[in-house]
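Peer 1: Got a sequence here, can you build the structure:
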Amino acid sequence: LKALNIMMAVCQRKGEELMVTLFGACIIILLFGSLMYIFEFDENPEMFPNIPQSMWWCVNCLSTVGYGDVAPITPLGKLLGALAAFFGVGLFAMPAGILGSGFLEVYDERRRKKHHEHHDEVEEQDETTMTPAELKQKQDWDHLKEAN
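Peer 2: Next comes the predicted model:
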């Protein structure tokens, strides 16, 4: 349950960036699907009979599934297919990077919060009852607060 809470916090924090990435993916699919239809329809009408079918090819290519049932045969189509394969790698790397940075932010925030809670407990203690390590930590913390 803790992991699910962390995942929800990350998605809330990075939702806007993930939506921009999803929007970009939709634009790429529409653009590449349309271009592939234009490049391939005259030479390869059974594989690319319309734009929606060409977009289906683009989804398969971008996701690197590539069933192999639909493939371009024209030079421009092959070039566009190669570009789609490269874009596909980046398309999946972007959300991974966004989520990764979100996890780092959430974990860092929780670590700092936990550190502050622990420090508040230490700050409330009487210095005469502290261990040497706790006393040193309190002095370091007090020094940092004075510096800021």
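Peer 1: Which of the helices or strands spans residue 83?
Peer 2: For residue 83, the host element (DSSP states H and E) is helix 75-124.
Peer 1: helices and strands around the helix or strand following that helix, which ones?
Peer 2: The first helix or strand that comes after helix 75-124 along the chain, using DSSP H and E, is helix 132-147. Where contact means 3 or more CB pairs under 8 Å, 6 or more residues apart in numbering; DSSP states H and E, helix 132-147 is packed against helix 75-124. Just so you know, the C-beta spots here come from the backbone N, C-alpha and C atoms, and that holds for glycine as well.
Peer 1: quick one, the helix holding residue 83 and helix 132-147 angle?
Peer 2: 110 degrees (axes from the mean of the first three to the mean of the last three CA atoms, to 10 degrees).
Peer 1: mind showing which ranges of this protein have poor pLDDT?
Peer 2: Within the chain, the ranges that satisfy pLDDT under 70 run 66, 116-128, 148.
Peer 1: quick one: the spatially most central residue of the chain and residue 56, what's the gap?
Peer 2: Note on the chain: the residue nearest the mean C-alpha position is residue 95, at 2.1 Å, using CA atoms, centre = their mean. Separation of residue 95 from residue 56 (CB to CB, to the nearest Å): 21 Å.
Peer 1: likewise residue 1?
Peer 2: Residue 1 sits 38 Å away from residue 56, taking CB to CB as the criterion.
Peer 1: ditto for residue 8
Peer 2: For residue 8 relative to residue 56 (CB to CB), the value is 32 Å.
Peer 1: for residue 31, same thing?
Peer 2: 15 Å.
Peer 1: now swap in residue 111 and tell me
Peer 2: With the distance defined as CB to CB, residue 111 ends up 45 Å from residue 56.
Peer 1: If you count surrounding residues, which of these two has more?
Peer 2: residue 56 (16 against 10; other CB atoms under 10 Å).
Peer 1: so what's that one up against?
Peer 2: Contacts of residue 56 were listed using CB atoms under 8 Å, 6 or more residues apart in numbering, and they are 33, 70.
Peer 1: swap in residue 146?
Peer 2: No contacts exist for residue 146 under CB under 8 Å, 6+ apart.
Peer 1: Let the chain start at 28 from now.
Peer 2: In the new numbering, first residue 28, that becomes residue 173.
Peer 1: Can you tell me how far it is from residue 159?
Peer 2: 21 Å.
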